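Trainee: Compute the structure for the input listed below.
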Amino acid sequence: MYCLRPGALTLAAQLWSDSRGVNVALKSSAPADLEQIFEPIRRSLEAVEQAYATYVRPAVEADAAALEAAGVGTARGPRAVHVVDEVIPRMARYIQASGGKRVRPALLLLAARLAGYTGERAVVYASAVEFIHTATLVHDDIIDESELRRGRLAAHSRWGNDKTVLLGDYLYISSMKLALTYDDAIPIVRLLCDVTRRMIEGELYQLTKTGDVNISEDEYFEIIRRKTAYLFGGSAEIGGMLGTTTDAQRAALRDYGFNLGVAFQLVDDLLDYTADQATLGKPVGQDLREGKVTLALIRLLDRQAADGRAREIARVAVETGEIDMGDWRELGVLLREHRATDYAYDRAVEHAAAARDCLIGFPPSVERDALLALPDYVLARDR
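Mentor: Numbers count the residues shown, from 1 in each chain. This is a model prediction of the structure:
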């Protein structure tokens, strides 16, 4: 089941907490950074960036290029409407400039190379995956009313919810248009549609649990599987579909990505309690103020009495959308005293180990080495 080794903890799990709840020891021995891990696919990732720029360029310019390519000439008709010709490209370029790890498209590219595929389709589908992920971020920021994204104003904070919702829709449709570049792409488009549907279901499910301090661990994991893990798994699976893989290898790649995605989200949620604001790029405690109760807090609340101090702090925070810094520090002390952050990190380590186990059936290669290093990078994240 998802290549998981029961109880598969590594030394990393024992190194998570110091007096601040930060894994200093692990960070000092962290694997190569993403630039090094992604070196085998560097040019392909650059092509993904270029594809993004191409798809969000002004509509009039794009239409003229299409006419010229079709041999119709470059004469322009009436100028495109303002939102298409100017606003969407400007907003999309702003989001692209905000950075991002590009883990999902990189995962697809590495999986494709691992499966023996080196053609242009990998870049096209990796670009489609990145469009889906970016659209999700745009919509999530609106739903969460997040003012910042990676240390900069979120798109809706600059352009308003109305235009930003349309941008997200535009990116979703662009992803499917990209995926349909090839006539035999239906199986991959079907997979992308299924993953996107699961992500939307996950967001809706999370909304039903927003502000619920009694959310269970099982409910929490169902949310992160749908919101994050399925897109990771689908990215790796598409890479395997492009190359020459057995059914077992394709399933192993899917499960690798799935487990990596769970670990990624577990660490991401944990950073809300352990990272500093400047490093994280958003206010600490943001998840709790938005009513999101994640695994470390779920664990703490399970271990405290129903009238415990942690539950009172959490209840006030989700009801008011604010948390006093004194209460925040007290909550941090309680999380460490009850080893709740350790517990959440141990679960991330389990899924990272499960991801690595999924690669056993593949021969050694630089791509396999990169995929083996990626879970360790995820565990060592500080932003």
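Trainee: Tell me where the stretch 101-250 of the chain has helices.
Mentor: Assigned by DSSP state H, counting those that start in this stretch, the helices in the stretch 101-250 of the chain fall at 103-114, 121-144, 155-159, 161-179, 186-209, 217-224, 230-242, 247-274.
Trainee: Mean pLDDT for the ones you listed - can I get that in CSV?
Mentor: Shown next, in CSV, are the helices of the stretch 101-250 of the chain (pLDDT from 0 to 100):
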stretch, mean pLDDT
helix 103-114, 97
helix 121-144, 90
helix 155-159, 76
helix 161-179, 88
helix 186-209, 96
helix 217-224, 98
helix 230-242, 98
helix 247-274, 96
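Trainee: So which of those helices is nearest Thr341?
Mentor: Closest to Thr341 of the helices of the stretch 101-250 of the chain, according to CB to CB: helix 247-274, at 6.2 Å. C-beta coordinates here come from the backbone N, C-alpha and C atoms, glycine included.
Trainee: In the closest one, which residues are buried?
Mentor: By 16 or more other CB atoms under 10 Å, the buried positions in helix 247-274 come out as 249-274.
Trainee: what's the closest non-adjacent residue to the residue nearest the centre of the chain?
Mentor: Residue closest to the average C-alpha location in the chain (CA atoms, centre = their mean): Thr228, at 5.7 Å. Leaving aside its sequence neighbours, Thr228 sits nearest to Gln265 (CB to CB, 6 or more residues apart in numbering; 4.2 Å).
Trainee: Then Phe232?
Mentor: Nearest to Phe232 is Gly261, by CB to CB, 6+ apart, at 3.0 Å.
Trainee: What separation do you get for Arg121 and Ser235?
Mentor: As judged by CB to CB, to the nearest Å, Arg121 and Ser235 stand 14 Å apart.
Trainee: what's the answer for Asp255, then?
Mentor: 13 Å.
Trainee: Now do Pro363: how many residues are near it, please.
Mentor: Residues contacting Pro363 under the criterion other CB atoms under 10 Å number 6.
Trainee: give the contact list for the residue nearest to Gly119 when sequence neighbours are not counted.
Mentor: Leaving out its chain neighbours, the residue that sits closest to Gly119 by CB to CB, 6+ apart is Leu242, at 7.4 Å. Leu242 sits next to 112, 115, 117, 119, 121-122, 125 when contact means CB atoms under 8 Å, 6 or more residues apart in numbering.
Trainee: coming back round to it: save the helices of the stretch 101-250 of the chain as CSV, and put in distance to Asp33 too.
Mentor: What follows is the helices of the stretch 101-250 of the chain, written out as CSV (distance: least, CB to CB, whole Å):
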stretch, distance to Asp33
helix 103-114, 13
helix 121-144, 20
helix 155-159, 27
helix 161-179, 27
helix 186-209, 27
helix 217-224, 25
helix 230-242, 19
helix 247-274, 16
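Trainee: Among those helices, which comes closest to Ile313?
Mentor: For the helices of the stretch 101-250 of the chain, proximity to Ile313 was assessed by CB to CB; helix 247-274 is nearest, at 12.3 Å.
Trainee: contacts for stretch 215-233?
Mentor: If you take CB under 8 Å, 6+ apart as the criterion, stretch 215-233 is touched by 103-104, 107, 129, 132-133, 195, 198-199, 201-203, 205-206, 209, 254-262, 264-266, 269, 293-295, 298-299, 302.
Trainee: So which bits of that stretch are buried?
Mentor: Within stretch 215-233, the residues scored as buried using 16+ other CB under 10 Å are 215, 219-233.
Trainee: how close does Lys332 sit to Leu295?
Mentor: Actually, residue 332 is Gly. It isn't Lys. For Gly332 relative to Leu295 (CB to CB), the value is 15 Å.
Trainee: no wait, Tyr170
Mentor: Tyr170 is 34 Å from Leu295, by CB to CB.
Trainee: Could you check which of these two is surrounded by more residues?
Mentor: Leu295 (23 against 20).
Trainee: I figured the more buried one hits Tyr273, correct?
Mentor: No - judged on CB atoms under 8 Å, Leu295 makes no contact with Tyr273 at a distance of 10.2 Å.
Trainee: would you turn the contacts of Leu242 into JSON lines with distance to Pro89 and neighbour count?
Mentor: Converted to JSON lines, the contacts of Leu242 look like this (distance: CB to CB, whole Å; neighbours: other CB atoms under 10 Å):
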{"residue": "Ala112", "distance to Pro89": "29", "neighbour count": "29"}
{"residue": "Ala115", "distance to Pro89": "35", "neighbour count": "21"}
{"residue": "Tyr117", "distance to Pro89": "31", "neighbour count": "18"}
{"residue": "Gly119", "distance to Pro89": "29", "neighbour count": "10"}
{"residue": "Arg121", "distance to Pro89": "26", "neighbour count": "18"}
{"residue": "Ala122", "distance to Pro89": "25", "neighbour count": "26"}
{"residue": "Tyr125", "distance to Pro89": "23", "neighbour count": "30"}
